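Peer 1: turn this into a model:
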Amino acid sequence: MSKTEKPLSTLWGCELNESNKEESFKTDDTNHQHQLALRTMCLGHTAKDEFNIVELVTGEGNNSAKAVPIATLHAKSMPTVNLSGLDLHPPVTFRLKRGSGPVYVGAEHVALEEYSDEEEMDEEVEEEEDIEESPVKKVTKNDAGKRKKPEKGVDEEASDGENPPKKGKGRGRKAQAAKV
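Peer 2: Sure thing, here's the model as predicted:
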């Protein structure tokens, strides 16, 4: 009975500004493995014409914590940045190093929930039962890939003289002159 992980995700975000220069993402849950997948970082509509530098501090608040600038935003030249692909493990802290913001950080909090193979087997059996209940239409060999040609009715043959000739092969100028 081996265990696998099932992801549970929720939206996470914060605002950094003059009064709130730092925001942390941490979790006390030790039953699951947690990850913060960053998506975007953008300036608010009230941002001043200044550079806003956001740095990321990884680890606890001790001396081993390292701060790395991850975005430099400016209202006129770079109001938003896409951070997809940057996945972090808690605890992490976002700090507004320069500027007054507001800077919005958008991310996805992913918690990996462990569950056993027996639960997975039960789900697979239920899916197989649903598939077995749906009827399957059989295709015969004669019907597959053949197109039926429309049958030309008696009315169409008789009314050829009334309709103008169709453009295409077989109806040249000589054939039209012969009818006139």
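Peer 1: so where is the chain shaky, pLDDT-wise?
Peer 2: Counting by pLDDT under 70, the chain shows low-confidence ranges at 1-5, 60-64, 114-180.
Peer 1: show me where it has its strands.
Peer 2: Secondary structure of the chain, counting by DSSP state E: strands at 3-16, 22-25, 33-43, 51-58, 66-74, 80-88, 92-98, 103-116.
Peer 1: can you list these in CSV and add mean neighbour count?
Peer 2: Backbone N, C-alpha and C define where each C-beta goes, glycine included. Compiled in CSV, the strands of the chain are given as follows (neighbours: other CB atoms under 10 Å):
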stretch, mean neighbour count
strand 3-16, 13
strand 22-25, 15
strand 33-43, 18
strand 51-58, 18
strand 66-74, 15
strand 80-88, 13
strand 92-98, 18
strand 103-116, 16
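Peer 1: mind listing what the nearest residue to residue 87 once chain neighbours are set aside touches?
Peer 2: Leaving aside its chain neighbours, residue 87 sits nearest to residue 37 (4.9 Å; criterion: CB to CB, 6 or more residues apart in numbering). Contact analysis of residue 37 by CB atoms under 8 Å, 6 or more residues apart in numbering lists 84, 86-88, 107-110.
Peer 1: rerun at 6 Å
Peer 2: 87, 108, 110 (CB atoms under 6 Å, 6 or more residues apart in numbering).
Peer 1: so what's the second one bridging to?
Peer 2: Legend: beta-bridge partners of residue 108 under DSSP bridges are residue 11, residue 37.
Peer 1: surely it meets residue 8?
Peer 2: No. Residue 108 lies out of contact with residue 8 (CB atoms under 6 Å); the separation is 10.7 Å.
Peer 1: check the gap between the closest residue to residue 89 other than its chain neighbours and residue 110 for me.
Peer 2: In space, residue 89 comes closest to residue 35 once its chain neighbours are excluded; the distance is 6.0 Å by CB to CB, 6+ apart. Applying CB to CB, to the nearest Å, the value for residue 35 to residue 110 is 5 Å.
Peer 1: do the same with residue 86
Peer 2: 13 Å.
Peer 1: cool, residue 46 as well?
Peer 2: Relative to residue 110, residue 46 is positioned 31 Å away (CB to CB).
Peer 1: would you turn the contacts of residue 37 into TSV with distance to residue 42?
Peer 2: Shown next, in TSV, are these (distance: CB to CB, whole Å):
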residue	distance to residue 42
87	19
108	16
110	21
